[in-house]
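K.L.:
What follows is a predicted structure for the sequence shown.
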Amino acid sequence: MATHYLLGIDTGGTYTDAALFHEEMGVIAKAKALTTRHDLAVGIAGAVDSVIARAGIPVSAISLVSLSTTLATNALVEGQGGRSGLVMIGFGPEDLKRDGLETALGSDPVIFLPGGHNVHGNETPLQLEALEKALPELSGTVSSFAVAGYFAVRNPAHEIRVRDFILEHSHLPVTCSHELSSKLGGPRRALTTLLNSRLVSMIDRLVGSCERFLETRGIHAPMMVVRGDGALISAAEAKIRPIETILSGPAASLVGARYLTGLDNAVVSDIGGTTTDVAVLEEGRPRLDAEGAVVGGYRTMVEAVAMRTFGLGGDSEVRINDRGLEAKFTLGPRRFLPLSLLAKTHGDVVIAALERQLRTAHVGRHDGRFAVRTGVPDRLASGLQPQEQALFEKIGAVPVPLDQLLLSTPQKATLDRLVARGLVHISGITPSDAMHVLGRQNQWDREAALMGLALAARGKDGAGRLLAQTPEELAEKIVAQLTRQSCEVILGACLMDDGVTGVNPQLSTEIDRALKRRPGIVQFGVTLDRPLVGLGASAPVYYPAIAAMLSAACSVPGDADVANAIGAVVGQVRASVTVFVTAPDEGLFVVNGAGPSIRFTDEAESFALARERAREAALAQARQNGADEPVVDLREEVDAPEVEGSRKLIEARFIATASGRPRVAAA
């Protein structure tokens, strides 16, 4: 029997999971550790050391390490990431209004440069003066750059020149749009590039932490990272193109769900600390989103599983609207650090503050909430405004109660900006705390959860009634809300997959009556045509009630808590390259993509070069991504209508896809 063991690691917002897998024996061992934001290697070490000890194998037997992560997805959902400078070549300010680019850009700087190319790869001269003038100051206020050129997918020369100039004068990471997508649509490609550049430092820290840890343990095996479409790429490539790891965790969970359940058709819902991810498994394969992944409200150009990601999880902020006659609860989309988790590491400080607040006669607006630094490197705090810097300095590695930190109303907005930058965590009550109060989870500090919910229960609704008589009653209301919102997001995702528009499960009276089983002359019902597979560490405590409300069969596999880590090691490496041929004039054919633009007077010759380029580039990319002996499949799409009796070539696309299993270390 082969001695190759595969190590899967999944770094989520709350937990880091590890699983040791053998292709003949299946899952050998699994383990969890808390994700440590200040130093990701600590959480990785905790999980990996435990799983190796449980398996009882030598580290020399590990021949492949594969990593999946929800950190990039969570960052986009929560609006986090580093500050990036966007350089637009050949575009104007009006282009920012397309595809949500202006909203995504926010207060980050943008520079417009004359230049770019047309559809056939012909250039407008590039002028760098505006960049030369702005770069010295910008280099001190951003952590990365994004470069997007007009028709750069046809000719990337200007993007490359701008990238090289920025690297030479600033030494900061630079992402070019042509490196991420071969699709047309400049503003959306610029948006994808901007988001990528914001994620570079985060994924670089994650991959670097994992690599350094493996080195210290003597694990000398190739390292892979799961892409958003479930395929694997080498760790080196993931550092350059971190945007491709959005939906990495969910994609890995789908691959893991198929392996763990054996189901060909299912609705897979993966609940984490920050998000719930819903996708449909059909005939054993996840559907891919042809238009590009949507995360955090932005439609990217990243090919990924057709996964709907919602800001709803075990660590979601509990928001209470007490202004109406009856208080209403909503969860998310922002993640809070659960009080029970915060108290596990800072028990004395947290308990003392909660006791002080419980002793007061009045209810404080910031009761039960704390701020604490995430622990990311200081360089990621560059570019803070004076009021942000002043508040940031008051927050340390020890939690600070918000009622002592925030002395004026504007400071709340300042704190929110620090949270959005990923510099500070806010801690408060969450569904995880409610589960601790009810005794359905017990891994953290129940006393802190009990006190936090006792504080929240003291609030009153518009009719003057207490929100709850006991912490347990409030906990039941919070868990009921998570069950209801989970049903709504699952139904919403499935309706979108069915192509049904105009039905919002959150607003639909019919769906409300169906979920509540409300009696009436007209009876409404709703269900799924396939089982609901629940994944995630807390899946066993949440999904039976969710499936029951949906009148659906429920499947929570035994290793649901590490499905992502399992999915990380059973996937394949895959690379796709598109080469274009266009005809700008009669009898002239231009080959663009995977190399310099070349002109031909013979269509057959241009097609032959395009095929060869696509194949060779896909194979090279697959090998660079870590594939062992990849095979290539070529697809051709030719738009050549008959015009007045003669054939006219508009565009031909040659799409080569190379795939194979990842290389493993020699035994």
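P.N.:
Sure, I can see it. Numbering: from 1, shown residues only.

K.L.:
All the strands of the stretch 251-400 of the chain, residue numbers only.
P.N.:
266-271, 276-282, 285-286, 288-289, 294-295, 298-299, 304-305, 308-310, 316-321, 328-335, 337-338, 370-373, 400-401 (DSSP state E, counting those that start in this stretch).

K.L.:
Please apply the same query to the stretch 101-250 of the chain.
P.N.:
Going by DSSP E, counting those that start in this stretch, the stretch 101-250 of the chain shows strands at 110-113, 144-149, 174-176, 223-226, 232-234.

K.L.:
got those strands as JSON lines, with distance to Glu355 and mean neighbour count columns?
P.N.:
Quick note: C-beta positions are derived from backbone N, CA and C, even for glycine. Shown next, in JSON lines, are the strands of the stretch 101-250 of the chain (distance: least, Cβ to Cβ, whole Å; neighbours: other Cβ atoms under 10 Å):
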{"stretch": "strand 110-113", "distance to Glu355": "49", "mean neighbour count": "18"}
{"stretch": "strand 144-149", "distance to Glu355": "44", "mean neighbour count": "29"}
{"stretch": "strand 174-176", "distance to Glu355": "49", "mean neighbour count": "25"}
{"stretch": "strand 223-226", "distance to Glu355": "44", "mean neighbour count": "28"}
{"stretch": "strand 232-234", "distance to Glu355": "50", "mean neighbour count": "26"}
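
K.L.:
for those strands, which one sits closest to Tyr15?
P.N.:
For those, distance to Tyr15 was read as Cβ to Cβ. The smallest value, 16.4 Å, belongs to strand 223-226.

K.L.:
ok now do the residue nearest the centre of the chain, which residues does it touch?
P.N.:
Closest to where the C-alpha atoms of the chain average out (Cα atoms, centre = their mean) is Thr73, at 1.3 Å. Going by Cβ atoms under 8 Å, 6 or more residues apart in numbering, Thr73 touches Ile246, Leu247, Ser248, Gly249, Pro250, Thr275, Asp277, Val295, Thr309.

K.L.:
Not counting sequence-adjacent ones, nearest residue to it?
P.N.:
Spatial nearest neighbour of Thr73, excluding adjacent residues (Cβ to Cβ, 6 or more residues apart in numbering): Ile246 at 5.2 Å.

K.L.:
do you know how far the one you found is from Ala304?
P.N.:
Separation of Ile246 from Ala304 (Cβ to Cβ, to the nearest Å): 7 Å.

K.L.:
Neighbour count: those two, which is higher?
P.N.:
Ile246 (34 against 28; other Cβ atoms under 10 Å).

K.L.:
And the pLDDT at the residue nearest to Gly230 when sequence neighbours are not counted?
P.N.:
Nearest residue to Gly230, sequence neighbours excluded (Cβ to Cβ, 6+ apart): Ala251, at 4.2 Å. Looking at Ala251, its pLDDT reads 82.

K.L.:
from the chain's centre, how far out does whichever strand or helix holds Val533 sit?
P.N.:
Using DSSP states H and E, Val533 maps to strand 532-535. Counting by Cα atoms, centre = their mean, to the nearest Å, strand 532-535 is centred 19 Å from the centre of its parent chain.

K.L.:
sorry, back to before: mean pLDDT and distance to Ala475 for the strands of the stretch 101-250 of the chain - can I get that in TSV?
P.N.:
What follows is the strands of the stretch 101-250 of the chain, written out as TSV (pLDDT from 0 to 100; distance: least, Cβ to Cβ, whole Å):
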stretch	mean pLDDT	distance to Ala475
strand 110-113	92	47
strand 144-149	91	42
strand 174-176	87	44
strand 223-226	89	35
strand 232-234	87	41
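
K.L.:
who wins for proximity to Gly645 among the ones you listed?
P.N.:
strand 144-149 (38.6 Å).

K.L.:
tell me which strands and helices the closest one is in contact with?
P.N.:
strand 84-89, helix 157-170, strand 174-176, helix 186-216 (3 or more Cβ pairs under 8 Å, 6 or more residues apart in numbering; DSSP states H and E).

K.L.:
Tell me the buried residues in the longest one?
P.N.:
Put plainly, it is helix 186-216. Going by neighbour count (16 or more other Cβ atoms under 10 Å), the buried part of helix 186-216 is 186-207, 209-211, 213-214.
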